[in-house]
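1. Provided below are the primary sequence and the corresponding predicted coordinates.
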2 protein chains.
Amino acid sequence: MKDRIYIKDLKEHVGKEVTIAGWVNVRRNQGKMVFFDMRDMTGRVQCVALPSHADMIEQTKEIRLEWVLKIRGLVNKRPDKNINAEMVNGDIELEILKIEILSEAAPLPFDMSLDGYNLELTAELDNRSLILRQQKVQAIFKVQETIIDSFREFMKKNMFFEFQAPVITPATAEGGAEVFQVNYFDKKAYLTQSPQLYKQIVVSAFERCFSVNKIFRAEPSSTTRHLTEIVSLDAEMSFIDSWTDVRDMAEETVRFILKQVEKKNGEHLKLLNATVPVMLSKTPTLTLREVQQKIFERFDRDVRGDKDTNPQDEREICEIIKEETGSDFVFVYGYPTRKKPFYVYPNAEEPEYNEGMDLLCRGIEWLSGGRRINDYNQLMKHVEIWKMDPEKIKMFMEAFKYGVPPEGGFALGAERMTMQLLGLKNIREAAMFPRDMNRIDERLGNEGY
Amino acid sequence: MKDRIYIKDLKEHVGKEVTIAGWVNVRRNQGKMVFFDMRDMTGRVQCVALPSHADMIEQTKEIRLEWVLKIRGLVNKRPDKNINAEMVNGDIELEILKIEILSEAAPLPFDMSLDGYNLELTAELDNRSLILRQQKVQAIFKVQETIIDSFREFMKKNMFFEFQAPVITPATAEGGAEVFQVNYFDKKAYLTQSPQLYKQIVVSAFERCFSVNKIFRAEPSSTTRHLTEIVSLDAEMSFIDSWTDVRDMAEETVRFILKQVEKKNGEHLKLLNATVPVMLSKTPTLTLREVQQKIFERFDRDVRGDKDTNPQDEREICEIIKEETGSDFVFVYGYPTRKKPFYVYPNAEEPEYNEGMDLLCRGIEWLSGGRRINDYNQLMKHVEIWKMDPEKIKMFMEAFKYGVPPEGGFALGAERMTMQLLGLKNIREAAMFPRDMNRIDERLGNEGY
């Protein structure tokens, strides 16, 4: 739009006539004058129709919330008594000289103002298009944008190659009930549950790779932690000396993301009343058995010998580590080899435990990964023990047939990280268009699906 | 890996002992000495076992192509007569002092060397994992990485917000036979054909948005131009004055991408013998009717009155414009309104033609887009004329009910752009893991699908 000034830049135009464009955000009739706030993607500003412009008063009286306007106006300093130092543009206002209506809007079905906004999640999702205009809701996705972007930035800094992992996959050897089936011409195909095998293939050719991709889980679950479609941030690196190289890269990746969010999203964190978790210069790392021993000692609850952590274990070990060290993060590694996928690397000294790892924060798993088997014969042996059909992972096995360096990797869920970082109660709040067993945009089952 | 030097940096270590790690790329036995090239993600270097190190000669004799090695060696200047000025590291070689074998490899099924490599596409795809190590194949995906990355970079420079468009969609009003169906618990869902409606929703809240996302086409077609899973680069912008604002943004986006590819991928373009197409400072823009008239005049072929361009028209108009102006690009706009989707904006003076546009280059459409209807009542009228069920696009219609500025957008296919830019013969070469009606990694129909 020609000659348009962004609202954030108005303060540089005090005393001048400018054109802005945006939505009517808040409206106040005050007898002889009409006040309303205008909103564009950069900020908000108070506009005023003065009694000296009777035509403007008349026109602004018709105007309603969410109408889209182009306004010609004069940027004025506010009188001292009206200055709001807390607010951006709290010391200026726009005196309206001319209004062009770009689009009208129907009356809003509920209060969208910052203070008045108070919908329950179902109503939010039933009105998703409108709700995306709400400041707090926008803040969530601005933070998510930074999370995903910073992941990419850190990967690129570290020479990881970005590839596009596929969504449609063939029947895999792992299979499982939690996979969505696609009618693929006259055949069956599936939605990917993880780019794991693909990133290992890519790493066998490009050394280091990452991808930002969708993964799908057909879990028939309606908990606050489940979505059927998830954004996965995946990394894989080769020429490692030890699984701890993967751990350290994962730690530095998360650290970089947190720092970028702090740097770029200060106002969003404040609006959502969120604080970035504490990451020490070296995050504590414990084996599963050490975790279980600590839980036993601290809470007198005996989970020693369990094959994995459950949600209570995860909450408790995070609590213990926070008390002991101040860290909100803890790495857990050394899970029973047979309880994890076939490609996870068994520890050389104790092969019944593996070099897979999870990064927990504030009671929940944020990231998982570890070292993978890179030797073809060892991999083939695992394929047999795991009772898999090597023909169904032929392309994957081919990569390892021709020489692959020691390697490992990790993955983070973007929605879960957004939710945990911002202290949201439900993961659906952290997905712009959340999919679950009961909803794809609209609630399912009402009609026609 | 500790103390590892990247091969590209070896020239800074002449006369010193260093450690490198990578794959055996080319191997030459020359009687008393053994030569082979090592490859890592940064480059290639010749390594030599000298007669003075008999143990090294013995060890290197066993070594085969694609083995993964860690080598301790001395960086030597080559004797003048052996310098290859054409090559990176053509003036140095690594004298092998110690070898650690990180992984062995099976004998290669075909010649992978730069000169010897000459597979047909089916064989390439049947051996995808191994083929991804070939230098020319890697070059394709390095260029594709730049295309996608530069798209993002340009969008961000221009204040577009990145969002994650969904893959799983409900039954849409547009429907069509070319959509993949997903068994979604006990319901039906579909794979998205385009993020069109979602990006319009997001723009109604964020002003400008973009996404890099997968789209799916169930066309039962095996041509060289069809994939079932595609990476789409999508942009949408509001507060436009005219559809030409969208055209100009599209043009500048493509220009930026081309410039970045030229800047970052010089060696890849050379390897693939590709030249970046010519974009003038202002790309010629023609209406569909002007295109048809020019074809009639130049080739004496009468397509005047056709409702759209066909592939021959696209080739011919590109040829004409190239002759007339030197431009490899041409914008075509003004298609019959009723032949395009309901949301495309009809021209105000001639409403039977719309403000949709395509950008053609070298005979093929690279990008399409245009202005969209932003007025709720006009949109609702189109929904009726197009005989669509507004209930099935309820969330989309909701956005427009509450005030949306004049807006438009565009989309590019990453694989098609890669193919056209590099002069590849088949779009499958431009997808790392191409999906079509006959293949998902392995060829379909052989077993178990």
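-> Yes, it's here.

2. residues from the stretch 1-150 of chain A in reach of chain B?
-> Neighbours of chain B within the stretch 1-150 of chain A, by Cβ under 8 Å from any Cβ of the partner chain: A:1-2, A:4, A:21, A:23, A:40-41, A:66-68, A:102-106, A:108, A:127-130, A:132-133, A:138, A:141-142, A:144-145, A:148-149. For glycine as for every other residue, the C-beta is placed from the backbone atoms N, C-alpha and C.

3. let's see 6 Å
-> Taking Cβ under 6 Å from any Cβ of the partner chain as the criterion, the neighbours of chain B within the stretch 1-150 of chain A are A:1, A:21, A:41, A:66-68, A:102-103, A:105-106, A:128-130, A:132-133, A:145.

4. just the stretch 301-449 of chain A next, same as before
-> A:395, A:398-399, A:401-405, A:432-433, A:435, A:437, A:440-441, A:444, A:448-449.

5. Return the members of the residues you listed classed as buried.
-> Buried members of these, counted by 16 or more other Cβ atoms under 10 Å in any protein chain shown: A:395, A:398-399, A:401-405, A:432-433, A:435, A:437, A:440-441, A:444.

6. Do a quick rundown of the helices in the stretch 201-350 of chain A.
-> For the stretch 201-350 of chain A, applying DSSP state H, counting those that start in this stretch gives helices covering A:243-264, A:266-271, A:288-299, A:311-325.

7. Give me the domain ranges for chain A.
-> A:7-103, A:128-443 (automatic domain parsing).

8. Show the end-to-end separation of the longest one, please.
-> Terminal residues of domain A:128-443 are spaced 12 Å apart (Cα to Cα, to the nearest Å).

9. do the same with stretch A:185-194
-> 23 Å.

10. List the buried residues in stretch A:104-118.
-> Buried-residue list, stretch A:104-118, by 16+ other Cβ under 10 Å: A:104-105, A:108, A:112.

11. if we can go back for a sec, arrange the helices of the stretch 201-350 of chain A in JSON lines, one row each, with mean neighbour count and mean pLDDT as further columns.
-> JSON lines is the format used below for these (neighbours: other Cβ atoms under 10 Å in any protein chain shown; pLDDT from 0 to 100):
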{"stretch": "helix A:243-264", "mean neighbour count": "19", "mean pLDDT": "98"}
{"stretch": "helix A:266-271", "mean neighbour count": "15", "mean pLDDT": "96"}
{"stretch": "helix A:288-299", "mean neighbour count": "17", "mean pLDDT": "98"}
{"stretch": "helix A:311-325", "mean neighbour count": "17", "mean pLDDT": "98"}
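
12. Mind pulling up the pLDDT for A:Pro79?
-> We have a pLDDT of 87 for A:Pro79.

13. so how far is A:Asp91 from it?
-> Distance, A:Pro79 to A:Asp91, using Cβ to Cβ, to the nearest Å: 10 Å.

14. neighbour-wise, which of the two wins?
-> Neighbour count, other Cβ atoms under 10 Å in any protein chain shown: between A:Pro79 and A:Asp91, A:Asp91 has more, with 15 against 8.

15. check contacts around that one.
-> A:78, A:83 (Cβ atoms under 6 Å, 6 or more residues apart in numbering or on different chains).

16. Ok, A:Glu162 next?
-> Counting by Cβ under 6 Å, 6+ apart, A:Glu162 has contacts A:210, B:145.

17. go with 7 Å
-> Neighbouring residues of A:Glu162 by Cβ atoms under 7 Å, 6 or more residues apart in numbering or on different chains: A:152, A:210-211, B:145.

18. Check A:Val404 too.
-> Counting by Cβ under 7 Å, 6+ apart, A:Val404 has contacts A:204, A:238, A:374, B:68, B:103.

19. A strand includes A:Ser368, no?
-> Yes - under DSSP: H, G, I helix; E, B strand; the rest coil, A:Ser368 falls within a strand.

20. A:Ile57: neighbouring residues, count only.
-> Neighbour count for A:Ile57, taken as other Cβ under 10 Å: 17.

21. per-residue confidence averaged over the host helix or strand of it?
-> Element membership of A:Ile57 [criterion: DSSP states H and E] is helix A:54-62. Averaged over helix A:54-62, pLDDT sits at 90.

22. what comes into contact with the next helix or strand along the chain from it?
-> Downstream of helix A:54-62, the first helix or strand assigned by DSSP H and E is strand A:68-77. Contact with strand A:68-77 is made by A:10, A:13-24, A:38, A:47, A:91-103, B:403-405, as judged by Cβ under 7 Å, 6+ apart.

23. what is the orientation angle of strand A:68-77 with helix A:54-62?
-> 130 degrees (axes from the mean of the first three to the mean of the last three Cα atoms, to 10 degrees).

24. What's the first helix or strand after the lengthiest strand in chain A?
-> Across chain A, the longest stretch assigned as strand under DSSP state E is strand A:17-30. As assigned by DSSP H and E, the chain's next helix or strand after strand A:17-30 is strand A:33-40.

25. got the contact list for whatever helix or strand A:Met417 lives in?
-> Using DSSP H and E, A:Met417 sits in helix A:414-422. For helix A:414-422, the surrounding residues in contact (Cβ under 7 Å, 6+ apart) are A:140, A:143-144, A:147-148, A:227, A:230-231, A:233, A:261, A:272, A:274, A:276, A:361-362, A:364, A:366, A:427, A:429-431.

26. and that helix, how far out from the chain's middle?
-> Here helix A:414-422 is found 5 Å from its chain centre; the criterion is Cα atoms, centre = their mean, to the nearest Å.

27. what do you get for stretch A:286-306?
-> The answer for stretch A:286-306 is 31 Å, by Cα atoms, centre = their mean.

28. What of stretch A:405-418?
-> On Cα atoms, centre = their mean, the centre of stretch A:405-418 falls 13 Å from the chain's centre.

29. can you tell me the distance between the two ends of that stretch?
-> Termini of stretch A:405-418 sit 33 Å apart (Cα to Cα).

30. Please apply the same query to stretch A:109-129.
-> End-to-end distance for stretch A:109-129: 12 Å, by Cα to Cα.
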